[in-house]
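In: Here you go, sequence then predicted model.
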Amino acid sequence: MTRIFVYGTLKRGQPNYHRMFDAANGKAEFLASALTAERYPLVIAGNLNIPFLLNLPGRGHKIHGEIYEVDDKMLRFLDDFESVPTLYQRTLVQVEVKAWARRAEGEGVEVAPGSTTEALMYSTTSYQPDWPSLPNYDSYDALGDHGLEYVTREDQD
Ligand code: PCA
């Protein structure tokens, strides 16, 4: 089992959340809401309006997201879905926990709110030169005020 931190379309309520709960892809379980310990630019880019966390620590904002525990099958599915290593790279990051799920509390994990833990994250170093100067956000919402609605795979030609 592995912990991943998701900040984009895989979050609850976002367009690819259902993929983590499709048993054919493996298993995922919500562990905590969290934010990155470092600041990063989170931008929406490309003609499909994809959220990208640029691997430029120290710029932008601390990014809000969610930690899930996933099995190896789900991790392989997500790597493939996120086109690792071309579109995104999977890196280990420090995240600050905002609130643990009740299940986590029962399992002897460190539950102090504000505690820092490690998780894997899909960020990218393979971005276009203008992406660091795009508007950046501290929390992704596909239907946010930015008007850059995510184009799901099903809607692509
Ligand atoms: N999916 C991954 C990376 C960005 C995206 O849309 C995530 O939600 O964390």
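Out: Nice, thanks for sending it over.
In: For this protein, which residues are neighbours of the ligand?
Out: Within the chain, the residues that sit near the ligand (Cβ under 6 Å from any ligand atom) are 6-11, 51, 82, 122. C-betas here are computed from N, CA, C, even on glycine.
In: and those residues as CSV, adding pLDDT, secondary structure and neighbour count?
Out: Below are those laid out as CSV (pLDDT from 0 to 100; DSSP: H, G, I helix; E, B strand; the rest coil; neighbours: other Cβ atoms under 10 Å):
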residue, pLDDT, secondary structure, neighbour count
Val6, 98, strand, 26
Tyr7, 98, coil, 27
Gly8, 98, coil, 23
Thr9, 98, coil, 19
Leu10, 98, coil, 25
Lys11, 98, coil, 22
Pro51, 98, strand, 23
Glu82, 97, coil, 21
Tyr122, 98, strand, 24
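In: which residues of the chain score low on pLDDT?
Out: Counting by pLDDT under 70, the low-confidence segments of the chain come to 103-112, 157.
In: For stretch 122-130, what is the distance to the chain centroid?
Out: Its chain's C-alpha centre and that of stretch 122-130 lie 15 Å apart, by Cα atoms, centre = their mean, to the nearest Å.
In: Make residue 1 into 55 and carry on from there
Out: Happy to do that; since the first residue is 55 now, the last one works out to stretch 176-184.
In: Report the buried residues of that stretch.
Out: Under the neighbour-count criterion of 16 or more other Cβ atoms under 10 Å, stretch 176-184 has 176-178, 181 buried.
In: Tell me the spacing between the nearest residue to Pro95 once chain neighbours are set aside and the ligand.
Out: Spatial nearest neighbour of Pro95, excluding adjacent residues (Cβ to Cβ, 6 or more residues apart in numbering): Gly114 at 3.6 Å. Here the criterion is Cβ to the nearest ligand atom, to the nearest Å. By it, Gly114 lies 15 Å from the ligand.
In: just Arg93 next, same as before
Out: If you go by Cβ to the nearest ligand atom, the gap between Arg93 and the ligand works out to 17 Å.
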